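# Everything below, folded, please.
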Amino acid sequence: MRRALAIIGLAVALAACDAGTDTPTDATPEPAATLTPTVVPTPIPTFAGRPLGLLATLEGDGRFHTLVTLIEAVSFAETLDDEGAFTLFAPNDAAFEALPAGSVETLLLPENAQQTADLLRYHLVHEVLNARALSELEGADSTFPGHRLLFRKRGDEVLVNNVRILIGDIHASNGVIHMIEFVLQPAPENP
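Below is the predicted model:
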């Protein structure tokens, strides 16, 4: 009994000594904000054990509602569901909001379906180009005939036609998506 009381007393004494020390709960400083986004590879999204295609990946992401609406409006989904290997430069919702007022509504009009399809084709390359490949290439042909996309590095950033890639290497079963800051505008065709 004395031994049990001695152990309890020792435990109480140790706890009292410990209570007076101030130890920080989290001594790790917060990381400083950076001006350039870090390109983080995203694992291939899966549904019921199967990798998703480009369109399903966009739909599941939540940052591409406007792009998905345009894709569905002009039946561009068939292209994105193809078993080919693609790179899609995907403007997020904020990129479409930065367009002049009424631009998205105009693109959704049935009489502008060809213009919308051409705009979407301009954002697509018929080969898989990950972020590293983009930083090493000067350009690639888009699927909009006669139009080329140009790549360059600016510090740690990779730009496509001088538009920043915000998040790179979002993988899909038939290609890769790079989220871009603004909507790419193809140069008008010469008459």
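# Would you check that Thr79 makes contact with Leu124?
Yes. Counting by Cβ atoms under 8 Å, Thr79 does reach Leu124; the two are 7.3 Å apart. (C-beta placed from N, C-alpha, C; glycine too.)
# got any residues that touch both of those two?
Thr143 (Cβ atoms under 8 Å, 6 or more residues apart in numbering).
# other SSEs contacting the helix or strand Glu59 falls within?
Assigned by DSSP states H and E, Glu59 belongs to helix 54-61. Secondary-structure packing of helix 54-61 (3 or more Cβ pairs under 8 Å, 6 or more residues apart in numbering; DSSP states H and E): helix 65-73, helix 77-80, strand 86-91, strand 163-172, strand 175-180.
# From Gln115, how far off is the closest residue to His126 other than its chain neighbours?
Nearest in space to His126, with sequence neighbours left out and distances taken as Cβ to Cβ, 6 or more residues apart in numbering, is Thr143 at 5.5 Å. Distance of Thr143 to Gln115, computed by Cβ to Cβ, to the nearest Å: 15 Å.
# The two: which is more packed in?
Of the pair Thr143 and Gln115, Thr143 is the one with more neighbours under other Cβ atoms under 10 Å, namely 18 against 13.
# Touching, the more buried one and Ala117? I think so.
No. Using Cβ under 8 Å as the test, Thr143 is too far from Ala117 to be in contact (10.2 Å).
# about what we covered before: residue contacts, the residue nearest to His126?
So Thr143 contacts Thr79, Arg121, Tyr122, Leu124, Val125, His126 (Cβ under 8 Å, 6+ apart).
# ok, the residue lying closest to Ser173 once chain neighbours are set aside to Asp141 distance?
Distance criterion Cβ to Cβ, 6+ apart; nearest residue to Ser173, sequence neighbours excluded, is Pro51 at 3.6 Å. Noted for Pro51: a distance of 26 Å to Asp141, by Cβ to Cβ.
# do Leu150 as well
According to Cβ to Cβ, Leu150 and Asp141 sit 11 Å apart.
# cool, and Leu119?
Taken as Cβ to Cβ, the span from Leu119 to Asp141 is 16 Å.
# That'll do, ta.
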